[in-house]
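Visitor: A predicted structure for the sequence below; I have some questions about it.
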Amino acid sequence: DDPRPLPVISVDEPALSMTVGINTSPLAGRDGSKLTARIVNQEILPHEHQLWGGRATGHPFTEEDRAEARRLRDGIKEKVKQAGLWAPHLPEEYGGAGLTFLEHAYMNEVLAYAIGGAALFGVVAPNSGNQSILVKYGTEEQKQKWLIPSIEGRLESGFSMTEPDTAGSDPRSLQATARRDGDEWIINGHKWFTSNGVRADFFIVMCRTEDPDGPAELNGKMTQIIVPRDTPGLEVVRNINVWGRESDHCEIFYDDVRVPAENQLGRTGTGHRAAQDRLGAGRVFHCMNSVGQMWRAFDLMVERSMSREVHGGTLETKQFIQGFIADSYIDIQAARLMTLNCAEKMEATGDARTDISAIKVFVPAAYHRVVDRAIQVWGGAGVSGDLPLAAMYQGARTLRLADGPDEVHRILIAKNILSRYHGGEGWDFGN
């Protein structure tokens, strides 16, 4: 028989049991946690297909439908702002919610349950990551010129680091250069997978800086530089197909691109540190996003197993499916607790490199397994645009490459552990 389309989920259905779960977190004492779950449950989930233009379902979408989608999104964003939950990644002085790192991690789990939920709370990559870097490394002038308009939605930004001719697993091998010439930087390089390249008004570009008048030890070190899109010499060649579809990731040539020296972010040579600040936190947030989406996939799988009749009974009565449910429960619990433990360490000490690498390997793999089982239970509908599972499946696989491939993180874990043992210590799993 034909796969059923995804029903509109009401706030009374068991798929939204996450509202109970979120109340057990450290956010429970804050009104914001309950408001976040309430907005996701009542404002976003019932309107998912309307909010994003039916882009995945393949159904015709008229101009009136698009106008209604914008109206719905704007209404939700206004409710988020009234609740004081807008931009959870930013401090209050820049219009953010001022959450701690751990609180933000818990919030990501809730937002990821709904398709596009984070965007309706002001968290849109790479803008959110660029905003955090500007908060930490930007001068007051840079904040006024680039940060504030980005937060207000008047400017879009891109992050330009990856290169087609160097290994993405080794950021120190980047070849793009920025040579100092008086009060300007001259940038030359070839980048691709520059995020948000289609819409960006400015890019944060990772360069190997060369300053003949600067300290010799800083020459060749990485520095991040702000480059406006309309700067002569910057050419967006194409937006790259990802998983067979057009994406907003772009290939860009920088050919003698001149920008003021004041566009440099932070001190010369701090670009690698800034990138690690961004990526370390981002890996935790990606993992909590993955947990939220696993949660959604799990709910969809269990719901289907309880309602689908096959061979004389519902799917839930079949031992294969019971095994799926048990294995997915184990994957989600393990992934969630590993990630929260890592977030707690980052908030307490700021140094959780081994744990970050561990979750970066384990969580996307668990995410992939959980979604794969849900697809199998839903059958044909699982790979259709009527459900979010196909997009989740592709996202899970991509995460094994994004922010460092699995193999690099496994090597880092082993090196950190072996260095402890070579130093006469053991690994303390109790802390």
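Guide: Everything's here; your move.
Visitor: just so I have it, where are all the helices in the stretch 151-300 of the chain?
Guide: 271-307 (DSSP state H, counting those that start in this stretch).
Visitor: what number of residues lie near V310?
Guide: Number of residues near V310 (other CB atoms under 10 Å) recorded here: 12. Where C-beta positions appear, they are placed from N, C-alpha and C, glycine not excepted.
Visitor: for it, which non-adjacent residue is spatially closest?
Guide: The shortest distance from V310 to any non-neighbouring residue, by CB to CB, 6 or more residues apart in numbering, is to K318 (7.9 Å).
Visitor: tell me the pLDDT of the one you found.
Guide: Looking at K318, its pLDDT reads 96.
Visitor: excluding residues flanking it in the chain, which one is nearest K143?
Guide: Excluding the flanking residues, the one nearest K143 by CB to CB, 6+ apart is L134, at 6.1 Å.
Visitor: before we move on, which element is that neighbour in?
Guide: In the assignment (DSSP states H and E), L134 maps to helix 127-137.
Visitor: which other residues reach the helix or strand just after that helix?
Guide: Counting by DSSP H and E, the next helix or strand C-terminal to helix 127-137 is helix 140-142. With CB atoms under 8 Å, 6 or more residues apart in numbering as the test, helix 140-142 has contacts from 134, 226, 262-263, 265.
Visitor: which among those count as buried?
Guide: 134, 226, 263, 265 (16 or more other CB atoms under 10 Å).
Visitor: now do the third one against P228, distance only.
Guide: To tie it back to what came earlier, the one meant is N263. Distance from N263 to P228, counting by CB to CB, to the nearest Å: 8 Å.
Visitor: in stretch 198-210, which residues are buried?
Guide: Residues 200-210 are the ones in stretch 198-210 that count as buried (16+ other CB under 10 Å).
Visitor: now stretch 138-150
Guide: Using 16+ other CB under 10 Å as the test for burial, stretch 138-150 gives 138, 142-143, 145-148, 150.
Visitor: shaky segments in this protein?
Guide: 1-33, 53-59, 212, 214-219, 350 (pLDDT under 70).
Visitor: just the strands from it, written as ranges.
Guide: 157-160, 177-181, 184-194, 202-210, 222-228, 234-242, 245-260, 264-265, 309-310, 313-314 (DSSP state E).
Visitor: run the angle between the fifth one and helix 271-307 for me.
Guide: Angle of strand 222-228 versus helix 271-307, following axes from the mean of the first three to the mean of the last three CA atoms, to 10 degrees, is 80 degrees.
Visitor: what strands flank strand 222-228, and is each parallel or antiparallel?
Guide: In the sheet containing strand 222-228, the strands it pairs with under DSSP bridges are strand 202-210 (antiparallel), strand 264-265 (antiparallel).
Visitor: ok and that strand relative to helix 127-137, angle-wise?
Guide: With the same axes, to 10 degrees applied, the angle from strand 222-228 to helix 127-137 works out at 120 degrees.
Visitor: any residues touching strand 222-228, and which ones?
Guide: If you take CB under 8 Å, 6+ apart as the criterion, strand 222-228 is touched by 133, 137, 142, 146, 160, 171-172, 174, 178, 185, 187, 201-209, 234, 254, 257, 259, 263-266, 268-272, 274-275.
Visitor: with the first one instead?
Guide: Defining contact as CB under 8 Å, 6+ apart, one finds that strand 157-160 is touched by 126-127, 129-131, 146, 150, 191, 194-197, 200-206, 227, 250, 252.
Visitor: hang on, the earlier thing: report how many residues lie close to the residue nearest to V310.
Guide: Going by other CB under 10 Å, the residues that sit close to K318 add up to 15.
Visitor: nearest residue to the middle of this protein?
Guide: In the chain, the centroid-proximal residue (CA atoms, centre = their mean) is H286; its distance is 4.7 Å.
Visitor: residues near the residue lying closest to E246 once chain neighbours are set aside, how many?
Guide: Excluding the flanking residues, the one nearest E246 by CB to CB, 6+ apart is N239, at 5.9 Å. By other CB under 10 Å, 15 other residues sit near N239.
Visitor: wait, N239 sits on R245?
Guide: No: between N239 and R245 there is no contact under CB atoms under 8 Å: 10.4 Å.
Visitor: would you mind measuring from the residue of the chain most remote from its centre to L102?
Guide: Residue farthest from the centre of the chain, counting by CA atoms, centre = their mean, is G312 at 42.9 Å. In this view, G312 and L102 are 48 Å apart by CB to CB.
Visitor: before we move on, what about E63?
Guide: Relative to L102, and taking CB to CB, E63 is found at 43 Å.
Visitor: pretty sure V291 sits against F362.
Guide: No: between V291 and F362 there is no contact under CB under 8 Å: 11.3 Å.
Visitor: who has more neighbours out of those two?
Guide: The neighbour comparison of V291 against F362 (other CB under 10 Å) goes to V291, with 29 against 18.
Visitor: what about the spatially closest residue to that one that is not a sequence neighbour, neighbour count?
Guide: Leaving aside its sequence neighbours, V291 sits nearest to R336 (CB to CB, 6+ apart; 4.8 Å). Applying other CB under 10 Å, we find 21 residues neighbouring R336.
Visitor: wait, R336 touches G292, no?
Guide: No: taking contacts as CB under 8 Å, R336 lies outside contact range of G292: 9.4 Å.
Visitor: got any residues that touch both of the two?
Guide: E109.
Visitor: nearest spatial neighbour of H368, chain-adjacent residues omitted?
Guide: Nearest residue to H368, sequence neighbours excluded (CB to CB, 6+ apart): A396, at 4.0 Å.
Visitor: now the one you found: how far from S290?
Guide: In terms of CB to CB, A396 sits 7 Å off from S290.
Visitor: again with R238
Guide: For R238, the distance to S290 - CB to CB - is 29 Å.
Visitor: list the contacts of S132.
Guide: Taking CB under 8 Å, 6+ apart as the test, what S132 contacts is 89-90, 277-278, 281.
Visitor: what's the answer for N263, then?
Guide: 142, 185, 225-227.
Visitor: and Y329, by the same measure?
Guide: Going by CB under 8 Å, 6+ apart, Y329 touches F298.
Visitor: before we move on, the earlier item: could you dump the contacts of N263 into JSON lines with distance to F429 added?
Guide: Shown next, in JSON lines, are the contacts of N263 (distance: CB to CB, whole Å):
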{"residue": "Q142", "distance to F429": "43"}
{"residue": "W185", "distance to F429": "47"}
{"residue": "I225", "distance to F429": "42"}
{"residue": "I226", "distance to F429": "43"}
{"residue": "V227", "distance to F429": "45"}
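Visitor: run a quick neighbour tally on the closest residue to G75 other than its chain neighbours.
Guide: Distances taken as CB to CB, 6+ apart put E43 closest to G75, at 7.8 Å, once the chain neighbours are dropped. For E43, the neighbour count with other CB under 10 Å is 19.
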